[in-house]
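Participant: let me see the structure of the following:
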Amino acid sequence: SHAYSLLRTILGSAVTDELIDANPCRITGAGRARRVHRIRPASVDELATVTEAMPERLRLMVILASWCALRFGETVELRRGDVDLGDEVIRIRRAAVRTHGGTFDVTTPKSEAGVRDVAIPPHIVPQIEDHLARFVGPRRDALLFPAENGGHLQPSTLYRHWYKARAAADRDDLRWHDLRHSGAVLAAATGAS
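Facilitator: The predicted structure follows:
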């Protein structure tokens, strides 16, 4: 459906540019995709339960994924220097992408819009301060969530804990990426645009 929709758009531009007389893509509904996974955002109480069930060094990951809508690759590449508590922003400039060999490549975020400054909700500032003091090295390039042996945290390490934590909240359907949607819903409920 995505390919058909793209082709219809391209041929629509060809009609506008008078390169062809009519768009041959006329199958009704062919460009509509059905969502495979129906997202049910986590409630504030469920987020609190999931966060509490995570190991202390990973709790802030849940908080940032939900309240700041950060992707996994953005979160595991966060460094002390990216967190500006004075301006209450997190500067997203890089993301870590796992390669086929199991290592990570540091690259730019998923899209141009991915390079951004994310406002830190005031209620999570104390958790960030605590995490920085307890779990992050003093250098500006120190990872916020390093693997126990150094380097980037592997998804399998996070998921081993995540599956137990979401079960504690009775939310076996909740995927890590769904935390981004949960945060957006909670922000909208408070009147954010």
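
Participant: quick one: secondary structure of Arg180?
Facilitator: With DSSP: H, G, I helix; E, B strand; the rest coil as the basis, Arg180 sits in helix.

Participant: and the closest residue to it other than its chain neighbours, which of the three is it?
Facilitator: In this structure, Arg180 finds its nearest non-sequential neighbour in Ala69, 4.5 Å apart by Cβ to Cβ, 6 or more residues apart in numbering. Bear in mind the C-beta positions are built from the backbone N, C-alpha and C, glycine included. Here Ala69 is coil, with the state taken from three-state DSSP.

Participant: tell me the contacts of the residue nearest the centre of the chain?
Facilitator: Centroid-nearest residue in the chain: Arg71, 1.9 Å away (criterion: Cα atoms, centre = their mean). Under the criterion of Cβ atoms under 8 Å, 6 or more residues apart in numbering, the neighbours of Arg71 are 65, 95, 109-110, 114, 177, 180.

Participant: how much space is there between it and Cys25?
Facilitator: 32 Å (Cβ to Cβ, to the nearest Å).

Participant: check which helix or strand the residue lying farthest from the centre of the chain maps to.
Facilitator: Residue farthest from the centre of the chain, counting by Cα atoms, centre = their mean, is Asp21 at 43.1 Å. Using DSSP states H and E, Asp21 is not contained in any helix or strand.

Participant: spatially nearest residue to it, not counting backbone neighbours?
Facilitator: Nearest residue to Asp21, sequence neighbours excluded (Cβ to Cβ, 6+ apart): Val15, at 7.3 Å.

Participant: before we move on, back to that, would you mind measuring from the residue farthest from the centre of the chain to Ala30?
Facilitator: Here Asp21 is placed at a distance of 21 Å from Ala30 (Cβ to Cβ).

Participant: thanks again, I'm all set now.
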